[in-house]
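> Below are the sequence and a predicted model; questions follow.
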Amino acid sequence: MKILVTGATGRIGANLVTQLLAAGHSIRSFVYPGDASRARKLDAYAGVETVFGDLRNYDDVREAVSGVDVIYHLAAAFGGPFDNRDYLHINAMGTLNILECIREHCPNLHRFVYASTEGVYWDARVNGRYFENPISEDMAGNYPDMPYLLTKWLGEELALAYHFQYSLPVTALRFSTVIEPSEFLNDAGLPRLFLYSSACQQYREQTSDDPEEQAMIDALLAGWDGEEKLLLSLNPNGVPYRQHFSDVRDIVQGLLLSIESDEAPGKAFNLAGAAMFDWGALVPRLAQRYGLPVAEARLPFNNYFELDLSKIQTLLGFQPQHDFDSILSTAEAIRRGETTDVIPTGTRYGDA
């Protein structure tokens, strides 16, 4: 099949493209011109056609979708040189442009796969996310944060509305936070998610009107003595952080399955990996591995959740493969300069 991948040079897109090529498909890569540093990332691969365009430009989108059988819509404003209006225009209106082009110019499209986010479950009125039980697809909230989460949720709503109103073959996949292993370790070869310095950097410029939250921030910053250590991050209630992550390779597996099953259209699925990060269990292991001391601190941001994968496992046959150990070993292999089965992300929005 001829497959359009928007955002094909990103952390997910590039790794998806290689697997689609291996399956015998031909690829059209839709690249945002402002992402010059990664624009030619796929040039070495036969079977990839690169086209440049902006999701906000209907004519660019129409040319990109012309003649394709499947569309993976991965591109989105995330970080980079964008304000809130740009996020809305790119993530929501850009998705609408694709949907309108499909409706008008691709009547025989096999599948439109929309990359959504776990953020549809978060509530801007709550500081963080704390769920005692696994999160199922029927638990979407009402007020995701602007700009990214809300505008991605709007794109999902548009896509599924077009399925029910215009019979477009739409599938939405709600990704948990994606890790591409080359990004897991910092320049010193240490796991940045678990470092005291990373937490200090995050909270150094933050303040809170809540005295208890501010006291947590103050205590965290006061505990930094300039020597790197691992942080056992605790929720405000004292329970260690626990978060469901996804290795990019598991995300790619779910994306591939979404165009193979007749059960996929008209549905939203959680898509997460085998990587359940439990700070209480992992920090002592990492301390032994890297010979670093451990500190613990309560943080004002709640972080405790797991996505329920029973729907995607039952209907699409998804089985994640890459747990924490797989991510870490691949990250260390990349750092040693070894060849792995992952294409590194590279610098976003950098110079060519």
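Yep, that arrived.

> rest of the way, CA atoms for contacts and neighbours
Will do.

> Output the longest helix belonging to this protein.
Ordering each helix of the chain by length in residues (DSSP state H) puts helix 148-166 first.

> what angle sits between the helix or strand following that helix and helix 148-166?
Going down the chain from helix 148-166, the next helix or strand is strand 170-175, by DSSP states H and E. Here strand 170-175 points in a direction 160 degrees away from that of helix 148-166 (axes from the mean of the first three to the mean of the last three CA atoms, to 10 degrees).

> Walk me through which strands strand 170-175 pairs with, and which way each runs.
Strand pairing for strand 170-175, using DSSP bridges, gives strand 111-117 (parallel), strand 267-271 (parallel).

> pLDDT below threshold where in this structure?
Low-confidence segments of the chain, defined by pLDDT under 70: 36, 346-352.

> Would you map the helices across it?
Taking DSSP H, the helices of the chain run over residues 11-22, 58-65, 84-87, 94-105, 148-166, 196-203, 211-222, 248-257, 279-290, 310-316, 324-335.

> The fifth one: which residues count as buried?
Applying a neighbour-count criterion of 16 or more other CA atoms under 10 Å, the buried positions in helix 148-166 are 148-156, 158-160, 162-163.

> And the third one, by the same measure?
Applying a neighbour-count criterion of 16+ other CA under 10 Å, one finds Tyr87 buried in helix 84-87.

> Can you give the contact residues for it?
Residues outside helix 84-87 that contact it (CA atoms under 8 Å, 6 or more residues apart in numbering): Ala76, Ala77, Phe78, Met146, Pro147, Tyr148, Thr151.

> What count of nearby residues applies to Asp278?
Neighbour count for Asp278, taken as other CA atoms under 10 Å: 17.

> residues touching it, list them.
Contacts of Asp278 (CA under 8 Å, 6+ apart): Pro240, Tyr241, Arg242, Gln243.

> Out of those residues, the closest to Gly94 would be?
Taking CA to CA as the measure, Gln243 is the one of those closest to Gly94, at 30.2 Å.

> so who does that closest one touch?
Shown in contact with Gln243 (CA under 8 Å, 6+ apart): Met276, Phe277, Asp278, Asn303, Tyr304, Phe305, Glu306.

> separation between it and Ile312?
Taking CA to CA, to the nearest Å as the measure, Gln243 falls 19 Å from Ile312.

> Repeat that for Ala287.
From Ala287 across to Ile312, the span is 35 Å (CA to CA).

> Any chance of the contacts of Asp278 in a markdown table with distance to Leu4 as columns?
Shown next, in a markdown table, are these (distance: CA to CA, whole Å):
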| residue | distance to Leu4 |
| --- | --- |
| Pro240 | 41 |
| Tyr241 | 38 |
| Arg242 | 35 |
| Gln243 | 32 |
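
> which of the residues you listed count as buried?
Buried, going by 16+ other CA under 10 Å: Pro240, Tyr241, Arg242, Gln243, out of those.

> residues touching Ile343, list them.
Arg11, Ala14, Asn15.

> Asn108 touches Asp69, doesn't it?
Yes: with contact defined as CA atoms under 8 Å, Asn108 and Asp69 form a contacting pair (7.4 Å).

> More neighbours: which of these two?
More crowded of Asn108 and Asp69, by other CA under 10 Å: Asp69, with 17 against 14.

> count of neighbours near the closest residue to Met1 other than its chain neighbours?
Spatial nearest neighbour of Met1, excluding adjacent residues (CA to CA, 6 or more residues apart in numbering): His25 at 5.1 Å. Burial of His25 is recorded as 15 neighbouring residues (other CA under 10 Å).

> ok, now the one 5 residues further on?
By the other CA under 10 Å criterion, the neighbourhood of Phe30 contains 27 residues.

> Against Asn15, how distant is it?
Between Phe30 and Asn15 the computed distance is 15 Å (CA to CA).

> try Ala268
22 Å.

> can you check Phe301 too?
Phe301 is 32 Å from Asn15, where distance means CA to CA.

> okay, those two: which has more neighbours?
Taking other CA under 10 Å, Phe301 and Asn15 do not tie; Asn15 has more neighbours (22 against 18).

> Test my guess that the more buried one contacts Ile251.
No: judged on CA under 8 Å, Asn15 makes no contact with Ile251 at a distance of 9.4 Å.

> who touches Asn133 in this structure?
Counting by CA under 8 Å, 6+ apart, Asn133 has contacts Phe305, Glu306.

> mind listing what the closest residue in space to Leu173 that isn't next to it in sequence touches?
Nearest residue to Leu173 in three dimensions, chain neighbours excluded: Phe269, at 4.9 Å (CA to CA, 6+ apart). Listed by CA under 8 Å, 6+ apart, the contact set of Phe269 reads Glu137, Ala172, Leu173, Arg174, Leu309, Lys311, Ile312.

> hang on, the fifth one packs against Ala274?
When you say that, I think you mean Leu309. No: using CA under 8 Å, Leu309 is not in contact with Ala274, being 10.2 Å away.

> neighbour-wise, which of these two wins?
Leu309 (20 against 17).
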